[in-house]
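Asker: What shape does this take:
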Amino acid sequence: MPHGQSLASYIEWEDFGHNWEISTLEPSESLPQGAEKAEVWRNENYELKAKVSGTIEGSHIDLLPKVEAGSLIPLFEVKGSDEYGICDYEIGSCAVGNVLSSEWKDQTSDPPIVGYEVELYCSGARWIVRHGDLPKTEWLSEWYLNGPHRPEMYPRGSVTELTERYKRERKLPGNEEDIFEGSKQWGGAGFGFVETDGLSFLVQHTPRDLGPSWSKSLSIEYRPVWGGIPESNIREAIAAITSFLMGRELVNVGHTRFAADGRSISQVALDPRKDNLVSLCQREAALRPVETDALRSFGGIESPLLLSSQNDPLPRSSTKP
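Answerer: Below is the predicted model:
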């Protein structure tokens, strides 16, 4: 489990509680000269940001690739691992941006050595657990911004209980150890489940305190026992149908694969690449083609999703780790 986070905070929304730090980079001629480390994070607008840091000889920092005028700038990938070699990382479709900072590392050498940080434009990033055999994927959750503002369309409810145990050993007189336990529950209408002969899936409202504060968010969950975890093109089609029926443009920001014990074993983070994303998500209006309010129409969002799936049957998918 990510340090300092509760289980609910990364099972019900993507884990970006800290920056992804790539301490060891795989050598590549495409990398900026002298690149040593990389970092990935999300900003307040949920854009995916990245940077590379390193050292270069000479007082002039020019890290842009040499290309002919009018030519496309070649894109490249950054690959590497974290400080402890636990996870492998990859940043995709990268291009060098602006120099963010620079400082002298050694002015006495000839030529002098300068440290730098340079911005990377990228489309997405991923990490995957590195050690041992990769556990089987128990489920995959795909994360979306711009979900519905009215959760009444979800016809099913769940009850979630989170129990925590705090233990501290200090071996002091009269205070050998402290043990505290606590739990909290929450619930309510929160999801819809679409069950077909080929592939079934769950559409779930994200709890209010997870995800960016300016967006209602949701996830679509797939499991091998529900017919398999589909390839990305099938998941895109399901999201498109869901988006149409909800009357809102769902914005995909990535997905996470989980093992049976609840640990995340890989994560993909995507840049939303959406203009005026914050104002789009804050807009309450939804142009739904059919009634999806569970209080007015039996089944809420489930019924039209099921009908759409029956008209265009979903294939049974093979599960990949």
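Asker: only C-alpha atoms for contact and neighbour calcs from this point on.
Answerer: Fine.
Asker: Could you give the separation of the lengthiest helix in the chain from the chain centroid?
Answerer: Using DSSP state H to define each element, the chain has its longest helix at helix 232-246. Relative to the chain's own centre, helix 232-246 is displaced by 18 Å; criterion: CA atoms, centre = their mean, to the nearest Å.
Asker: So which elements touch that helix?
Answerer: The contact analysis (3 or more CA pairs under 8 Å, 6 or more residues apart in numbering; DSSP states H and E) places helix 232-246 against helix 302-311.
Asker: what's the angle between the helix it packs on and helix 232-246?
Answerer: Orientation note: helix 302-311 sits at an angle of 130 degrees relative to helix 232-246 (axes from the mean of the first three to the mean of the last three CA atoms, to 10 degrees).
Asker: Going by neighbour count, list what's buried in the longest helix of the chain.
Answerer: Within helix 232-246, the residues that qualify as buried by neighbour count (16 or more other CA atoms under 10 Å) are 235, 238-246.
Asker: residues making contact with it?
Answerer: 148, 220, 249-250, 286-290, 292, 301, 304-305, 308 (CA atoms under 8 Å, 6 or more residues apart in numbering).
Asker: from these, which is closest to residue 164?
Answerer: Each of the contacts of helix 232-246 was checked against residue 164 using CA to CA; the closest is residue 220, at 27.0 Å.
Asker: The closest one contacts residue 142, doesn't it?
Answerer: Yes - Residue 220 is within contact range of residue 142, at 5.3 Å (criterion: CA atoms under 8 Å).
Asker: Now do the same for residue 280: helix, strand or coil?
Answerer: On the three-state scheme (DSSP: H, G, I helix; E, B strand; the rest coil), residue 280 is labelled helix.
Asker: need the contact list for it.
Answerer: Shown in contact with residue 280 (CA under 8 Å, 6+ apart): residue 146.
Asker: can you list the buried residues of helix 232-246 in CSV and add pLDDT and distance to residue 110?
Answerer: Shown next, in CSV, are these (pLDDT from 0 to 100; distance: CA to CA, whole Å):
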residue, pLDDT, distance to residue 110
235, 95, 56
238, 94, 59
239, 95, 57
240, 94, 58
241, 93, 62
242, 94, 61
243, 94, 60
244, 93, 62
245, 91, 65
246, 92, 63
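Asker: Tell me the buried residues in stretch 300-308?
Answerer: Burial within stretch 300-308, assessed by neighbour count using 16+ other CA under 10 Å, is assigned to 300-306, 308.
Asker: My error: substitute stretch 199-218 in the last question.
Answerer: Residues of stretch 199-218 classed as buried by neighbour count (16+ other CA under 10 Å): 199-207, 210-211, 214-218.
Asker: lowest-pLDDT helix or strand in this protein?
Answerer: Per-element confidence for the chain was summarised using mean pLDDT, DSSP states H and E. The lowest value among helices and strands belongs to helix 7-11, with a mean of 71.
Asker: After that helix, heading C-terminal, what element do we hit next?
Answerer: Past helix 7-11, further along toward the C-terminus, the next helix or strand under DSSP states H and E is strand 20-22.
Asker: Residue 272 reaches residue 252, doesn't it?
Answerer: Yes - between residue 272 and residue 252 there is a contact at 6.7 Å, judged by CA under 8 Å.
Asker: can you map out the strands along the stretch 51-200 of the chain?
Answerer: Taking DSSP state E, counting those that start in this stretch, the strands of the stretch 51-200 of the chain run over residues 76-81, 87-106, 113-121, 124-129, 139-145, 156-172, 175-194.
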